[in-house]
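[1] coords please:
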Amino acid sequence: MVGALLQIALLTAGLVAAFALLGLLTALFCGTVRLRPVRRRPTDPVHRPLELVAADLRRLARQLALVPAGVPVARRRGLQAAYDDVLVEAAALLEVPHALTLTPLGHARDVERLRLQAALRAAGLDPR
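    Model (predicted):
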């Protein structure tokens, strides 16, 4: 009895495997299954539109120009850092070379910021 049940189980497993193989071969020959994964092109990095970057530049420039005299230094530095970040983003969008991120804080960074603003103006974007 056990031998007969074992034979039926093996026969059933063999039939299931045969039908699965037949289904796979049919799908391969019909073209509905691919053995190699489809290679997709890497997507381009998503950038903000230039109009939004320009609006942020103008907004931050206004805020920097209107900082009152008694404001803590941390707030002014934070605004300046945000303005510099958006300047760098605009330079990347317009492919304007710069060294603003590599220049240390102080007079040299102020000069590089002015140079980058002039270069952006020459490229068609007025950061003020």
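[2] Which of the three states applies to residue 39?
    coil (DSSP: H, G, I helix; E, B strand; the rest coil).
[3] just use 161 as the starting number from now, easier for me
    Right, with 161 as the first residue, what we last looked at is residue 199.
[4] I'd like to know how many residues surround it.
    Residues lying near residue 199 (other Cβ atoms under 10 Å) number 6. For every residue, glycine as well, the C-beta is placed using N, CA and C.
[5] Repeat that for residue 266.
    Residues near residue 266, counting by other Cβ under 10 Å: 8.
[6] Same check on residue 208?
    Count around residue 208 with other Cβ under 10 Å applied: 12.
[7] repeat for residue 272
    Using other Cβ under 10 Å: residue 272 sits among 19 other residues.
[8] In which helix or strand does it reside?
    Assigned by DSSP states H and E, residue 272 belongs to helix 267-282.
[9] got a list of contacts for that helix?
    244, 247, 250-251, 254, 256-260, 263, 286-288 (Cβ atoms under 8 Å, 6 or more residues apart in numbering).
[10] same thing but 6 Å
    247, 250, 256, 258-260, 263, 287 (Cβ atoms under 6 Å, 6 or more residues apart in numbering).
[11] buried sites along it?
    269, 272-273, 276-277, 280 (16 or more other Cβ atoms under 10 Å).
[12] Show me which pair in the residues you listed is furthest apart.
    269 and 280 (16.1 Å; Cβ to Cβ).
[13] need the next SSE after the longest helix seen in the chain, C-terminal direction.
    Counting residues, the longest helix in the chain under DSSP state H turns out to be helix 162-190. The element immediately downstream of helix 162-190 (helix or strand, assigned by DSSP H and E) is helix 210-225.
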